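Engineer: Below are the sequence and a predicted model; questions follow.
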There are 2 protein chains.
Amino acid sequence: MNKWKLISSKKALESKWFTVRQDTVELPNGKVLEDYFVWECADSCMIVPVTKEMDTILIRQYKHGRGEIITEFPAGYADPNEDIINTAARELEEETGYKSDKLTILGRLTQNPTKQTGDIYVILAENAVETGERAHEETEDIELITVPLRKVLPMIQSGEIRTTTAAAATLLALTHLGLIAIES
Amino acid sequence: MNKWKLISSKKALESKWFTVRQDTVELPNGKVLEDYFVWECADSCMIVPVTKEMDTILIRQYKHGRGEIITEFPAGYADPNEDIINTAARELEEETGYKSDKLTILGRLTQNPTKQTGDIYVILAENAVETGERAHEETEDIELITVPLRKVLPMIQSGEIRTTTAAAATLLALTHLGLIAIES
C-alpha cells in the first residue's frame, strides 16, 4: 500500500486559530487531485486525573464548534515545542486546580486522520490532588464534576459523555488500571 | 452555564470538500471574539462489523491528513438528508463487501466539539456476511483485516489502532456485547 505523492501545497486559510492547507496530490493509480484540504492542527492532550480514592475530575464547558455544553476530561493544545507531559500538567492545573506527581502517556491518538494533522495524547494523571490554583483562559467558563472513575463508562453509554477522545481515554485508562478486562 | 451569543457569521473557506465558518461571538463575560473558526463537517458514522463467529473487519488505508497508513473500522460521511443507518449499510458494503441484517446505533459522538460541527455515529453491524460487492471510491485503496473482535482491545493498547473514534467504537461495542465489564 502506497502513500499519495505530494505535488504542491498552499495555504487555503491561514490565521492564528485555524489553518487549512490545500494539497495537490497524485494517487497510486495516477489520478491527480488538486483540492485535497487538510486542517493543520497542533498536537494536544487529554488528561485523565485519578485521585488516591479513584475519583476522576470531569469538566463541563460550552463548546462553540458543536454549540452545546460538553462533559469530558480536561484537555488542551501543546504550545510549540512543548513537551506533552508539560502540556498535560499545565492544562490539568489551569482547568481543574489539580496536580499529579505521576503522569503517564497511555496513547498517541489521532482524531481525524483523513482531514487533520496533529496527535492527541491520552495522559493518565495519578495521585491527583487539589491545589486551588485554577487559572483558566478567558474563553473558559468551566464547571468541575468529581465522580468515581468507574462511573465514567456508564456516562459514556448513556451519552452524557460523548466526545470520541473522552471515550478513547476512558478505554485506555480503565484497561491500564485493570478496572476492565475482556470477559473470558 | 451559558452558551455564547452569535453576533455574525461568514464563510472563511468554502469548497466542496472543506468549509470553515468565521463567527463573531459574545462570551458570557461580555468579551467579543471576532475570529472564532468552526469547521462545518457533515455527520458521519463508524461501523463495527461483527460476524456470527465474533470476528470483526478492520480496514487499512492511507490517510492523507495524517500522512500515514491507518487501521480502523469502516467509516464514512452521510450524504445530505441520508438516514445514518443507510449510510452505515452503504459504507460497510462499499468498503468491505459485507452486509448486516442487524444495524444498531450505539452512540452519537463528537470528534472535536471545540472547533467542529457534525456528529459521528457508532453503529454495530451484527451477523455481518461477505457478499463480494465492494465498490469503493477512487481515492480508496483499502486492505481488509479480519480479526476476532476481542483482539481489537490489545491492538488499541499497542497503538496499532490509534484513531479516537475506533477506540470509542470498541469501548461501546465490547460493552454492548457484554465482552468487557467493570472489575468489581
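Structural biologist: Yep, it's here. Numbers count the residues shown, from 1 in each chain, chains lettered A, B, ... in the order given.
Engineer: Was I right to think residue A:71 contacts residue A:60?
Structural biologist: Yes. Assessed by CB atoms under 8 Å, residue A:71 is found in contact with residue A:60 at 4.9 Å. (Each C-beta comes from the backbone N, C-alpha and C, glycine too.)
Engineer: joint contacts of those two?
Structural biologist: Taking CB atoms under 8 Å, 6 or more residues apart in numbering or on different chains as the criterion, residue A:71 and residue A:60 both touch residue A:145.
Engineer: More neighbours: which of the two?
Structural biologist: residue A:71 (18 against 14; other CB atoms under 10 Å in any protein chain shown).
Engineer: ok, that one - contacts?
Structural biologist: Contacts of residue A:71 (CB under 8 Å, 6+ apart): A:58, A:59, A:60, A:145, A:155, A:160, A:161, A:166.
Engineer: Please repeat the previous calculation with a cut-off of 7 Å.
Structural biologist: Neighbouring residues of residue A:71 by CB atoms under 7 Å, 6 or more residues apart in numbering or on different chains: A:58, A:60, A:145, A:160, A:161.
Engineer: end to end, how far does stretch A:117-131 reach?
Structural biologist: 34 Å (CA to CA, to the nearest Å).
Engineer: what's the neighbour count on the nearest residue to residue A:180 once chain neighbours are set aside?
Structural biologist: Here the nearest residue to residue A:180 in space, its sequence neighbours aside, is residue A:174; by CB to CB, 6 or more residues apart in numbering or on different chains that works out to 4.4 Å. Residue A:174 has 21 neighbours, counted by other CB under 10 Å.
Engineer: Am I right that residue A:174 is in a strand?
Structural biologist: No. Checked against DSSP: H, G, I helix; E, B strand; the rest coil, residue A:174 lies outside a strand; its state is helix.
Engineer: how far away is it from residue B:182?
Structural biologist: 7 Å (CB to CB, to the nearest Å).
Engineer: For the two, list the residues in contact with both.
Structural biologist: A:153, A:180.
Engineer: quick revisit: want to throw the contacts of residue A:71 into a markdown table with pLDDT, distance to chain B and secondary structure?
Structural biologist: Converted to a markdown table, those look like this (pLDDT from 0 to 100; distance: CB to the nearest CB, whole Å; DSSP: H, G, I helix; E, B strand; the rest coil):
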| residue | pLDDT | distance to chain B | secondary structure |
| --- | --- | --- | --- |
| A:58 | 98 | 14 | strand |
| A:60 | 96 | 7 | strand |
| A:145 | 96 | 12 | strand |
| A:160 | 98 | 11 | coil |
| A:161 | 98 | 9 | coil |
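Engineer: I'd like to know which of those are buried.
Structural biologist: A:58, A:161 (16 or more other CB atoms under 10 Å in any protein chain shown).
Engineer: which stretches of chain A form strands?
Structural biologist: In chain A, the segments counted as strands under DSSP state E are A:5-13, A:20-26, A:32-39, A:44-49, A:55-63, A:68-72, A:75-77, A:98-99, A:102-109, A:120-126, A:129-130, A:143-148, A:180-182.
Engineer: check contacts around the spatially most central residue of chain A.
Structural biologist: Centroid-nearest residue in chain A: residue A:46, 4.0 Å away (criterion: CA atoms, centre = their mean). By CB under 7 Å, 6+ apart, the residues touching residue A:46 are A:73, A:75, A:120, A:122, A:165, A:166, A:169.
Engineer: out of those residues, which one sits closest to residue A:13?
Structural biologist: Nearest to residue A:13 among the contacts of residue A:46: residue A:120, at 21.3 Å, using CB to CB.
Engineer: and chain A, what are its domains?
Structural biologist: A:5-39, A:44-176 (automatic domain parsing).
Engineer: Mean neighbour count, these: which tops it?
Structural biologist: Across those, the average number of neighbours (mean count of other CB atoms under 10 Å in any protein chain shown) peaks for domain A:44-176, which reaches a mean of 19.
Engineer: Now do the end-to-end distance for it.
Structural biologist: So domain A:44-176: terminal residues 21 Å apart, CA to CA.
Engineer: Chain B next: which of the contacts of residue A:46 are close?
Structural biologist: Restricting the contacts of residue A:46 to those within reach of chain B (CB under 7 Å from any CB of the partner chain) leaves A:120, A:165.
Engineer: of the contacts of residue A:46, closest to chain B?
Structural biologist: Nearest to chain B among the contacts of residue A:46, counting by CB to the nearest CB, is residue A:165 at 4.6 Å.
Engineer: Tell me the spacing between the nearest residue to that closest one once chain neighbours are set aside and residue B:1.
Structural biologist: Once flanking residues are discounted, residue A:165 sits nearest to residue B:164: 4.6 Å by CB to CB, 6+ apart. Note on residue B:164: its distance to residue B:1, by CB to CB, is 25 Å.
Engineer: Identify the residues contacting stretch A:3-19?
Structural biologist: Residues contacting stretch A:3-19 (CB under 7 Å, 6+ apart): A:20-27, A:32, A:37, A:40, B:12-13, B:20, B:35, B:37, B:62, B:64, B:67.
Engineer: quick check, distance from it to the centre of its chain.
Structural biologist: 22 Å (CA atoms, centre = their mean, to the nearest Å).
Engineer: now do stretch A:166-179
Structural biologist: On CA atoms, centre = their mean, the centre of stretch A:166-179 falls 14 Å from that of its chain.
Engineer: Could you list every helix and strand in contact with the lowest-mean-pLDDT helix or strand in chain A?
Structural biologist: Of all helical and strand segments in chain A, the minimum by mean pLDDT, DSSP states H and E falls on strand A:180-182, at a mean of 86. Applying 3 or more CB pairs under 7 Å, 6 or more residues apart in numbering or on different chains; DSSP states H and E, we find strand A:180-182 packed against strand B:180-182.
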